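Enquirer: Give the three-dimensional model of this entry:
(one chain, ligands or ions: 1)
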Amino acid sequence: MTLPTHVKLVEVGPRDGLQNEKETIPVEVKIELVDRLTDAGFVNIEAASFVSPKWVPQMATSAEVMDRIRRKPGVDYSALTPNMKGFEAALAAQADEVVIFGAASEAFSQRNINCSIAESIERFRDVAQAAKQNGVRLRGSISCSFGCPYQGEVAPDAVADVVRRLRDLGCDEIDIADTIGVATPAKIHAVYETVAKDYPLAQLSGHFHDTYGQALVNIYAALQAGVSIFHSSVAGLGGCPYAKGATGNVATEDVVYMLNGLGIHTGIDLDKVVDAGEFISRHLGRKAASRAGNAIAAKRAG
Ligand SMILES: CC(C)(COP(=O)([O-])OP(=O)([O-])OC[C@H]1O[C@@H](n2cnc3c(N)ncnc32)[C@H](O)[C@@H]1OP(=O)([O-])[O-])[C@@H](O)C(=O)NCCC(=O)NCCSC(=O)C[C@@](C)(O)CC(=O)[O-]
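Expert: Numbers count the residues shown, from 1 in each chain. Reported below is the predicted structural model:
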């Protein structure tokens, strides 16, 4: 099987990674994290989330983060926008890309965004239209594409159904998310094979959490299936407030290390990502959840 020669890595640590932290993280720390990731060479950084601050308090400083980060031309700074209120905030904050986020599971949709899948698509319709009118890139995200913490099994056809609805809203890219990290390579192949019948593979991404230690091998499986966009989180930060026990996204350092070894180009400076991981881990008062990051840091320390 031929693997892609280039991969776009979307760094989601500042949003997916930090949203679940209980202690309020100073806005300066969030800004420095994004700036360090910009310096490391990412072309897409998920930096903000314009959701209800009652639901996700950690993201309440998103407007200030977006206002004060050092933006590099050519880098897309993305923000989650569940509805028009979120979209208007994202537009005011000059987000380059907005993310409408739904689920392939009814139960998760209710817990995460307080509405059914069908209702979520109706809410997203206005956001999608406004994004197009304002020339803002539109991404769709589908949680629980491989399993749901409330519902259990999720069929590939259920994912394909949401992919079609997001495609019809005009999404430029669609994330297939393993929110609770339960997928294994066979399921990865089954889901991408099904959804790629209705949407270009080149615009599908993989957003894999590492809860069961499967994320890297799942990325490898998705590469074999032809996927060339992946999400990862510096220092393996993260978890989801509406998926109990979910751990972080796959660690960026581990993904870059693997892709470097495979000779796949990302444009990312691994040493700078390791520095960013050490920086945020120091602030959180714990060791980074990245095997490669910790190994590189230990080697450097001698
Ligand atoms: C979607 C809503 C807003 C619906 O929440 P709701 O309560 O159904 O909505 P509502 O329209 O009735 O509004 C209730 C209150 O929220 C406010 N509100 C309403 N919208 C906004 C907004 N955009 N920004 C700021 N405030 C907002 C609104 O103004 C009102 O305030 P009040 O009058 O009570 O003071 C709510 O359920 C919510 O914010 N949920 C948070 C969902 C979330 O952020 N989840 C985590 C991110 S998703 C994720 O992590 C998964 C992903 C993407 O990474 C992929 C994966 O791994 O699976």
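
Enquirer: Can you give the distance of stretch 158-165 from its chain's centre?
Expert: When C-alpha coordinates are averaged (Cα atoms, centre = their mean, to the nearest Å), stretch 158-165 and its chain have centres 18 Å apart.

Enquirer: pLDDT (mean, whole number) over that stretch?
Expert: Averaging pLDDT along stretch 158-165 yields 98.

Enquirer: Of all the residues in it, which ones are buried?
Expert: Within stretch 158-165, the residues that qualify as buried by neighbour count (16 or more other Cβ atoms under 10 Å) are 158-160, 162-163, 165. Where C-beta positions appear, they are placed from N, C-alpha and C, glycine not excepted.

Enquirer: got the residues of the stretch 51-200 of the chain near the ligand?
Expert: Counting by Cβ under 6 Å from any ligand atom, the stretch 51-200 of the chain comes close to the ligand at 51-52, 55-56, 80, 82-83, 85-86, 101, 112-114, 141, 143, 177, 179.

Enquirer: Show only the entries of those residues found in strands.
Expert: Among these, the members found in strands (DSSP state E) are 80, 101, 141, 143, 177.

Enquirer: Next, Ser105: phi, psi?
Expert: When quoted as degrees, to the nearest 10, the phi and psi of Ser105 stand at phi -120, psi 130.

Enquirer: And Lys72, by the same measure?
Expert: Comment: the main-chain dihedrals of Lys72 come out as phi -110, psi 130, following degrees, to the nearest 10.

Enquirer: Excluding residues flanking it in the chain, which one is nearest it?
Expert: Nearest residue to Lys72 in three dimensions, chain neighbours excluded: Thr38, at 5.0 Å (Cβ to Cβ, 6 or more residues apart in numbering).

Enquirer: helix/strand/coil for that neighbour?
Expert: When the structure is split into helix, strand and coil by DSSP: H, G, I helix; E, B strand; the rest coil, Thr38 lands in helix.

Enquirer: Correct me if wrong: it contacts Asp76.
Expert: No. Checked against Cβ atoms under 8 Å, the pair Thr38 and Asp76 is beyond contact range at 11.0 Å.

Enquirer: what do these two both touch?
Expert: Ile45 (Cβ atoms under 8 Å, 6 or more residues apart in numbering).

Enquirer: picking that back up, which among the residues of the stretch 51-200 of the chain next to the ligand end up buried?
Expert: Neighbour counting with 16+ other Cβ under 10 Å marks 51, 56, 80, 82-83, 86, 101, 112-113, 141, 143, 177, 179 as buried within those.

Enquirer: And the pLDDT at the residue nearest to Lys72?
Expert: Here, the pLDDT recorded for Thr38 equals 98.
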